[in-house]
Every structure is written in C-alpha cells, then in structure tokens.
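Trainee: Provided below are the primary sequence and the corresponding predicted coordinates.
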Amino acid sequence: MASISDYHLLPANWSTEPAPLVGYLSRKALPIKRNDAQPLTREDVQFDLLCHIFDDRLKVFTPQAPSEDSKVHFCDLYVNALYTSHKCSKVLKDKMAETPAFAVELAKISLLTNVGRINTTMAVFPEMKTALRTYHPVPSLQKTDGNAQDAPRIKNCLKAALLPSELKNMPPSTPEEILQKSRARQLPSTSIVNLIFVLANHAAPLASTHFDPPVNFLDLFLPINIASADRARAFLWLIFHYLEGPDQPNPYDDDYSRQNPGKVPWLHRLTEEEMAQENVDTPDEIEWGKAMSAQRNLFLQRLVHSTEKEKKVKAAASASKLTEPTSGRSRPSRSQQEGTRDKPYIHYLPPDRAPQITHSVSEDNRVSYSSSRGPHRNMLQHAWQVVTSTDPLADSDEELQDEHVRLDYSRRVDVIARLRGRPPSPLPDLLPPASSTSSYPPPSSITDTREHRWRRVESWK
C-alpha cells in the first residue's frame, strides 16, 4: 500500500499538462482497430482487468433478477442481466446455463461492447462473408466450446437488458437521475448495463468529479500505465457508488478515497517493465489465434476464387448469346408490326346478326375444313402448333384467315354450347328490358330455383 505522500507524486512518464476541458476528447480512438483475421491479444482486451472485475467475490450489490441472496457480487449481477434480456435467444440461454464458464466469457466480451471498446463491426465467425465487418479471434475469451456472439447481437442484447420497470418507462439517462433514485433508496436504481452506458456517455463531465487528470472512466479499459487491479477496483467503486448510493459505506474505499470524498481509490502507476508483466498471451493462445487466422484467410481465398469463377461463367454465357444465330421466333421488326396494324380489323358479329351456331353447323365446318386442307388437327395438336409457331408480340388480327384457327374457335363454341345447354349469348327474351337501370332482375321474379340462382351468379362481375 502506498503512503499518503505518494498519492501526490506522479511518475516521470506520466503527463503533467493541465487537464483539458473534457476528459476524453474523442471516442474514435476507443474501439479496438485491427485488420481482418488479426487476433485480439490480451493487451487489446485488457484481460487482467476483466479477470479482476469478474473474479471479485464481494457480495455488495442488490440483485436485479430473482435471487435467493439479498446481495450478489458483480459477476452474478452482470451475467444475470444478460441472461434476463429479452433479446437473449433460447439457444444462448441454454448454453449459458449448461456452461457457466461460457457465460462468464460472454459477459467479459459484453462488458467491452458495453463501454465501446468493441464496436459493432467485429464478428467472431471465420466464415463471415459480409464486407461491413471484420473477423477477429479472441483466444483469451474463446476457450469454452460455445457459439460466441458477434458484436451487433451482443449490442442488441445489452440494449434490452433493462429492469422490469424500465421496460415501460424510459430508464435514467444521466448520472444525476441515477444518484437521485439511489439516494431515495429506490434499489436497484437502474440496470447494471444501463449504468455502464450512462457512465461511458458521460465520461468527460465525470472525469473531474471522480478522477485526477487526465484519467476518466473510459481510460480504465485502455492499455495505460495503471495497474489492472487498481483500475478494476476503481470500476467497482463507481458501480457501487451509483447503484447502491453515495451515502452508503463503499466496500472498495481506500485511504485516498476516504480522504477525498467522491474520488475513486488511488490508481497506482506502472513502469514499462511492470506493464510488460501484465496481459501476457500464453503459447496456446498464440497458436490458436494463428490457426484461426489461417482458416479465415483460406476461406477468403476460396470465396474470391468462386466469385471470379462465377463472373467468368456469366461472361461466357453472355458472349455465347451475342454470337448465336437469331431463332425463327424472334421478335418482328418495327416495320413488320406497323404493316400488320395497317390491315383492316375484322369485327365480331353479335349473335342477333350472325347465324346461330349449332352442333350440325360445327359438324359441317369440321368436314369442310378437313376436306380442304388434308387431315385436321385435334385441339391438343392445334394448341402445340400455336405455341411453337405464333409470336405472342405480333398482332392477331389475321389469325382468322387460317382455317385451323376457325375450326378451333368453332370447336370451343360447340363445347360451351353443350355445357350450358344453349348458345353462349343469351336469348333476346332473357335480356333485361331497356328501361331497367339495374343489372339484377326484379325481386318478384326471383324464386328459389336452380335456374334463377345460376342466373344471379352469372351476373356478378
């Protein structure tokens, strides 16, 4: 333990410049930036800091989920917040319940996402194809046989990790609102996830309140020359200060925080040699990271090869279409279509001016057509002939000049006449009177017979 006089001494490599007006000038430098397939080391994720935070066993926090204990430690508090989030899938919940070590690893990655150290462009699946994200293995936090979640899903799970009362109303969005509830003993004052979001968003104005310059809340998760154990203690001190209340005895106090109310415990500075002894990757983690990076690079090579092969196939197919001869069913030219449209239009003769088509007439037509042009086609043969030899884009005004077409029309009309028991057009006495404005027969003429019911159905449009 450092003496009281040491609290006012700074190492030679620590900045003595006056603190800026804001504690953290830019959050763009906060997220981890690495190339695709490059592993995240223990120094990147500050593994020792996470271990000190989640290994703390002081049960001093009010549980935010149903629990048999009146107080829980931070690890249970944070893992239960993820588990009770309504954005946490059933598969993920089952895996967390079966493998507690996986739940703790997921909580550590989630905490880094909670403060913004891992942004939503990071993925943990080596077979990811999208170019909007980058793949990064995390050997120190992927030791269990679990399906780790990528950053966007973790972020959605965190945003939904709220108290039951906060699902209906807006959760507190400022440190002052959280302190007001904790002072009023409205415990828990907010969810642990929302508190960390608020502290991260207000790191600049809170810097002078709880830290000595130039440190702020977000600096606790960066690789700086402050001991990991001290940063973890300062983090837990802040969590207790806001969740349980500033007027309660803080179990994470030290002599410095007791003599300076509102300040976090003393943050011991490290030399470069001492910093090199923290967050050291093990040989197994290094080998696993290299293996996953090689797997990712191999997948990308295969993906690029398959993409280029598909482009070549498409290019060859398009080139063959350009070189192949024009088929007989090609679309006629514009001049041919215009010439067809200029021919006279054959009008349809209404039934009252045309002879009534009967079965005998159809028989005569079939005999005359078959005798004039050899054996006639049946309906299936004629349909096939039309499909294979007729251009659907050309005008059909001249189709009545073909005797086979006229024969097909007469057969269709004959079939309709036999099905309905009368010609397609209604008889004149069945037509409505000219003075009637309604398409329905008068109510008095309708009786409950099959003929009238069928007639009414025919009138629907």
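Mentor: Now that the structure is in, tell me what you want to look at.
Trainee: How far does the helix or strand hosting residue 158 sit from its chain's centre?
Mentor: Assigned by DSSP states H and E, residue 158 falls within helix 151-159. For helix 151-159, the gap between its own C-alpha mean and the chain's C-alpha mean amounts to 12 Å (Cα atoms, centre = their mean, to the nearest Å).
Trainee: next one: stretch 72-84
Mentor: Counting by Cα atoms, centre = their mean, stretch 72-84 comes out at 26 Å from the chain centroid.
Trainee: Then residue 315 would be within a helix, right?
Mentor: Yes: counting by DSSP: H, G, I helix; E, B strand; the rest coil, residue 315 is part of a helix.
Trainee: since we're on it, how many residues are nearby?
Mentor: For residue 315, the count of nearby residues is 10 (other Cβ atoms under 10 Å). Bear in mind the C-beta positions are built from the backbone N, C-alpha and C, glycine included.
Trainee: now swap in the one 3 residues further on and tell me
Mentor: Residues near residue 318, counting by other Cβ under 10 Å, number 9.
Trainee: Would you confirm that residue 206 contacts residue 175?
Mentor: Yes: using Cβ atoms under 8 Å, residue 206 is in contact with residue 175, at 6.3 Å.
Trainee: and for these two, which residues touch both?
Mentor: residue 199 (Cβ atoms under 8 Å, 6 or more residues apart in numbering).
Trainee: what are the C-alpha coordinates of the helix holding residue 158, in CSV please?
Mentor: Output of helix 151-159 as CSV, limited to C-alpha atoms (Å, rounded to 0.1, in the frame of the first residue of the first chain):
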residue,chain,number,x,y,z
ALA,A,151,-20.8,-7.6,-31.6
PRO,A,152,-24.1,-6.4,-33.2
ARG,A,153,-26.0,-9.2,-31.5
ILE,A,154,-24.3,-8.5,-28.2
LYS,A,155,-25.2,-4.8,-28.5
ASN,A,156,-28.9,-5.7,-29.1
CYS,A,157,-28.8,-8.0,-26.1
LEU,A,158,-27.3,-5.2,-23.9
LYS,A,159,-29.8,-2.6,-25.0
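Trainee: What is the subsequent helix or strand relative to it?
Mentor: That would be, after helix 151-159 and using DSSP H and E, helix 164-168.
Trainee: Give me the contact list for that following helix.
Mentor: Contacts of helix 164-168 (Cβ under 8 Å, 6+ apart): 190, 191, 194.
Trainee: go on, stretch 50-63?
Mentor: In contact with stretch 50-63 (Cβ under 8 Å, 6+ apart) are residues 69-78, 80, 104, 107-108, 111-112, 187-188, 192, 228-229, 231-233, 235-236, 239-240, 243-244, 251-252.
Trainee: End to end on that stretch, go ahead and measure it.
Mentor: Using Cα to Cα, to the nearest Å, the end-to-end distance of stretch 50-63 comes to 21 Å.
Trainee: Going by neighbour count, which residues of it are buried?
Mentor: 50, 51, 52, 53, 54, 56, 60, 61, 63 (16 or more other Cβ atoms under 10 Å).
Trainee: between the contacts of helix 164-168, which is nearest residue 40?
Mentor: Nearest to residue 40 out of the contacts of helix 164-168 is residue 194 (Cβ to Cβ; 25.9 Å).
Trainee: Now do the helix or strand hosting that closest one: everything it contacts.
Mentor: Here residue 194 sits within helix 192-201, counting by DSSP H and E. By Cβ under 8 Å, 6+ apart, the surrounding residues in contact with helix 192-201 are 61, 64, 74, 77-78, 81-82, 111, 114-116, 158, 161-162, 166, 171-175, 178, 189-190, 206, 217-218, 238-239, 242-243.
Trainee: change it to 7 Å
Mentor: Identification of contacts with helix 192-201 by Cβ atoms under 7 Å, 6 or more residues apart in numbering yields 64, 77-78, 81, 114-116, 158, 161-162, 171-175, 178, 206, 217-218, 238-239, 242-243.
Trainee: what do you get for stretch 271-290?
Mentor: Here stretch 271-290 makes contact (Cβ under 7 Å, 6+ apart) with 39, 41, 42, 43, 46, 47, 48, 137, 139, 140, 225, 228.
Trainee: Which pair of these spans the longest distance?
Mentor: 137 and 225 (27.2 Å).
Trainee: Between the two, which has more neighbouring residues?
Mentor: Each of residue 137 and residue 225 has its neighbours counted (other Cβ under 10 Å); residue 137 has more, 23 against 15.
Trainee: which residues sit in contact with that one?
Mentor: Applying Cβ under 7 Å, 6+ apart, the residues contacting residue 137 are 39, 289, 292, 293.
Trainee: make it 8 Å
Mentor: 39, 40, 124, 126, 288, 289, 292, 293, 296.
Trainee: Same question for residue 245.
Mentor: Residue 245 touches 179, 182, 183, 185, 187, 189, counting by Cβ under 8 Å, 6+ apart.
Trainee: Help me confirm that the last one comes into contact with residue 176.
Mentor: No: shown here, residue 189 and residue 176 do not form a contact pair, counting by Cβ under 8 Å, at 11.4 Å.
Trainee: Please identify which of the two sits among more neighbours.
Mentor: The neighbour count for residue 189 versus residue 176, taken as other Cβ under 10 Å, is higher for residue 189 (24 against 11).
Trainee: Contacts only, for that one.
Mentor: 172, 178, 179, 181, 182, 195, 242, 243, 245.
Trainee: Need the residues you listed in TSV (columns: secondary structure).
Mentor: TSV is the format used below for the contacts of residue 189 (three-state DSSP):
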residue	secondary structure
172	coil
178	helix
179	helix
181	helix
182	helix
195	helix
242	helix
243	helix
245	coil
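Trainee: Which single one of the residues you listed is nearest to residue 132?
Mentor: residue 195 (30.0 Å).
Trainee: could you check the distance from that closest one over to residue 117?
Mentor: Going from residue 195 to residue 117 by Cβ to Cβ, to the nearest Å gives 17 Å.
Trainee: for residue 386, same thing?
Mentor: Applying Cβ to Cβ to residue 386 and residue 117 gives a distance of 70 Å.
Trainee: Of these two, which one has the most company?
Mentor: residue 117 (19 against 15).
Trainee: Residue 388 versus that one, what's the distance?
Mentor: 68 Å.
Trainee: same check, this time on residue 77
Mentor: Taking Cβ to Cβ, one finds residue 77 at 76 Å from residue 388.
Trainee: Can you pick out the residue with more neighbours from the two?
Mentor: residue 77 (25 against 9).
Trainee: export the particular helix or strand that has residue 107 in it as PDB, just CAs?
Mentor: Per DSSP H and E: residue 107 is located in helix 100-115. What follows is helix 100-115, C-alpha atoms only, in PDB (Å, rounded to 0.1, in the frame of the first residue of the first chain):
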ATOM      1  CA  PRO A 100     -21.100 -21.200 -16.700                       C
ATOM      2  CA  ALA A 101     -17.500 -20.600 -17.900                       C
ATOM      3  CA  PHE A 102     -19.000 -19.700 -21.300                       C
ATOM      4  CA  ALA A 103     -21.400 -17.300 -19.600                       C
ATOM      5  CA  VAL A 104     -18.500 -15.500 -17.900                       C
ATOM      6  CA  GLU A 105     -16.600 -15.300 -21.200                       C
ATOM      7  CA  LEU A 106     -19.600 -13.800 -22.900                       C
ATOM      8  CA  ALA A 107     -20.000 -11.300 -20.100                       C
ATOM      9  CA  LYS A 108     -16.400 -10.200 -20.500                       C
ATOM     10  CA  ILE A 109     -16.900  -9.600 -24.200                       C
ATOM     11  CA  SER A 110     -20.200  -7.900 -23.500                       C
ATOM     12  CA  LEU A 111     -18.600  -5.500 -21.000                       C
ATOM     13  CA  LEU A 112     -16.100  -4.400 -23.600                       C
ATOM     14  CA  THR A 113     -19.000  -3.800 -26.000                       C
ATOM     15  CA  ASN A 114     -20.900  -2.000 -23.200                       C
ATOM     16  CA  VAL A 115     -18.200   0.600 -22.800                       C
END
